[in-house]
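> Dropping a prediction and its sequence here:
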Amino acid sequence: MAFSGFTPADFKVFDIDGFTPRLEAIRTRIRPKLEAIGRDLLPDVGRIAGDQAFAHVAKHARRTVNPPDDTWVAFALDKRGYKKHCHFKIALSRGAVRFLFEAGPEHAGKKRWVSSWKRQGPKLAPVLRRAKGLAWFKNEHDESPTAVLADLSSDEVTRLGDELVRARDGQVVLGRAVSAQEAARWKPRDYARAARETFQLLAPLYRLK
């Protein structure tokens, strides 16, 4: 199927009570759309990343009781999975669509990545701060950002890299959130454009070694 955009009914899936009914609605209604936009964007992500990329749609296999409050497609350079690597993500939840860069708790080289970010931070932070609407999210599942990067100093933006090693579940999550009300009015090309623009801005972090 071709990606047709997200509708108000898609966002209401996260209002469904019960683990099994909500997961089934995600599987039948949302996952095919995430798979479609994942396929559409793979050439762009590969170009932005400078290497072949693979799309991974969330299966929520680790969940058995609490129904998920969001779901997503993630892009990484590893065909087997994305969690051990920096990745891009398009996430859908009750109130928003988010276009994100993440280095998460399962990243295989946390200290090395943080060291690289600190070396590059003084050069990259001013660029990121000038990007309209780019923000920091404390947690990958948060619908609303903790801070807009333009409101932080360059030093504060650089220190965000330390979030990855602050605790076992540390993570660095940067990107943009678009309200469900606005996103439901978008055409499919608007989602692709927002993803490309956001991922391009954050590509230097994705490529850090």
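Arrived safely, thanks for sending.
> E102: helix or strand, and which one exactly?
Applying DSSP states H and E as the criterion places E102 in strand 96-103.
> What is whichever helix or strand comes after that strand packed up against?
Using DSSP H and E, the helix or strand that directly follows strand 96-103 along the chain is helix 110-130. If you count contacts as 3 or more C-beta pairs under 8 Å, 6 or more residues apart in numbering; DSSP states H and E, helix 110-130 packs onto helix 154-159, helix 188-206. Every residue, glycine included, has its C-beta placed from N, CA and C.
> quick one: which of those helices is nearest K84?
With C-beta to C-beta, the closest approach to K84 among the helices and strands packed on helix 110-130 belongs to helix 188-206: 13.9 Å.
> Next, the angle strand 96-103 makes with that closest one.
Computed with axes from the mean of the first three to the mean of the last three C-alpha atoms, to 10 degrees, the direction of helix 188-206 lies at 20 degrees from that of strand 96-103.
> ok now helix 188-206, how far from the chain's centre?
Chain-centre distance of helix 188-206: 10 Å, with C-alpha atoms, centre = their mean, to the nearest Å.
> do stretch 91-103 as well
The answer for stretch 91-103 is 5 Å, by C-alpha atoms, centre = their mean.
> Now mean pLDDT and distance to K12 too, for the helices and strands packed on helix 110-130, in TSV please.
Compiled in TSV, the helices and strands packed on helix 110-130 are given as follows (pLDDT from 0 to 100; distance: least, C-beta to C-beta, whole Å):
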stretch	mean pLDDT	distance to K12
helix 154-159	95	36
helix 188-206	96	18
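> what's the most buried one of those?
helix 188-206 (a mean of 19; mean count of other C-beta atoms under 10 Å).
> And that helix, what does it pack against?
Using 3+ C-beta pairs under 8 Å, 6+ apart: helix 188-206 touches helix 31-49, strand 87-93, strand 96-103, helix 110-130, strand 172-179.
> between the longest one and strand 172-179, how many degrees?
Comparing the axes of helix 110-130 and strand 172-179 via the same axes, to 10 degrees yields an angle of 40 degrees.
> and the next element down the chain from helix 110-130?
strand 135-137.
> who does that next one touch, helix- and strand-wise?
By 3+ C-beta pairs under 8 Å, 6+ apart, strand 135-137 packs against strand 147-148, strand 172-179.
> and of the ones you listed, who's closest to G121?
Closest among these, using C-beta to C-beta: strand 172-179, at 11.4 Å.
> Packing partners of that closest one?
The helices and strands touching strand 172-179, judged by 3+ C-beta pairs under 8 Å, 6+ apart, are strand 96-103, strand 135-137, helix 188-206.
> Okay then, goodbye and thanks.
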